[in-house]
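# no sequence on this one, just coordinates:
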């Protein structure tokens with residue numbers, strides 16, 4: 001008598017995806033340092049030894065989470081931005097809406113907080129996050145800005161770019177790849193000078209605030225004298 005065939009048998013090809021899905025939730029809930037591979041394996045329904053067959057280290061597993069679970073979602077939003085036909089302020093509103101929806105329905109927000117809070121102890125986390133997600137997303141955003149605003153130069157500073165000079169070549173490459181030569185302007189073609197950091201470096205923000213304050217004070221004094 002033949003034994004009854006099992007009703008369900010997991011395919012080996014499905015296991016990496018199941019492990020990645022489990023890791024995404026554990027990283028979001030516990031953080032990187034506190035995440036245990038045996039817990040991830042348990043949630044994925046595999047042994048810890050089986051997990052090591054696919055991912056040699058926790059860092060390799062995190063990279064897979066970013067590349068296969070998070071990056072496709074972010075790139076889908078990037079494609080939407082690149083195809084947006086309206087003005088740039090409307091595009092920013094659409095970006096905020098889509099990112100909010102993505103964070104609400106996925107563990108993305110928890111993973112982003114993990115990267116920010118643990119980047120000092122695990123710098124490779126931040127590098128993977130920036131290289132695989134941030135550079136591509138910024139490249140898509142610059143694509144939209146070029147098409148809607150036709151700027152002569154884009155200066156990128158602020159918190160995202162501080163201490164991440166290695167991002168600039170990746171952002172420029174992502175923008176150029178997305179534009180694919182569609183904008184025939186010499187400024188855009190020379191991406192190295194078209195997308196640049198602020199000349200004042202980390203002092204751009206404070207000094208810019210001082211300049212704006214001085215201008216506002218000058219306008220206020222001028223108004224007062226004219227009204228006297």
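Alright, I've got the coordinates. Since the structure is predicted, the reported quantities are computational estimates derived from the model, not experimental observations.
# which residues of this structure fall in strands?
Using DSSP state E, the strands of the chain run over 154-155, 195-196.
# okay, those strands, which one's buried deepest?
strand 195-196 (a mean of 19; mean count of other C-beta atoms under 10 Å). Placement of C-beta: from N, CA and C, glycine included.
# And that strand, what does it pack against?
strand 154-155, helix 167-179 (3 or more C-beta pairs under 8 Å, 6 or more residues apart in numbering; DSSP states H and E).
# Let's see that with 7 Å instead.
helix 167-179 (3 or more C-beta pairs under 7 Å, 6 or more residues apart in numbering; DSSP states H and E).
# Could I get the buried residue list for the helix it packs on?
By 16 or more other C-beta atoms under 10 Å, the buried positions in helix 167-179 come out as 167-168, 170-172, 174-176, 178-179.
# swap in stretch 193-207?
Neighbour-count burial for stretch 193-207 flags 194-195, 197-198 (criterion: 16+ other C-beta under 10 Å).
# what's the lowest-pLDDT member of those residues?
In terms of pLDDT, the weakest of the buried residues of stretch 193-207 is residue 198, which scores 79.
# What number of residues are in the vicinity of residue 41?
Using other C-beta atoms under 10 Å, residue 41 has 19 neighbouring residues.
# Name all residues that make contact with it.
Residue 41 makes contacts with 47-48, 50-51, as judged by C-beta atoms under 7 Å, 6 or more residues apart in numbering.
# what is the mean pLDDT for the longest helix seen in the chain?
Secondary structure of the chain per DSSP state H: the longest helix is helix 204-227. Across helix 204-227, pLDDT averages out at 74.
# Any idea how far it is from the middle of the chain?
36 Å (C-alpha atoms, centre = their mean, to the nearest Å).
# still on that earlier bit, output the strands of the chain as TSV; include the columns distance to residue 16.
Below are the strands of the chain laid out as TSV (distance: least, C-beta to C-beta, whole Å):
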stretch	distance to residue 16
strand 154-155	38
strand 195-196	36
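# quick one: which of the ones you listed is nearest residue 35?
Residue 35 lies closest to strand 195-196 among the strands of the chain, at 35.4 Å (C-beta to C-beta).
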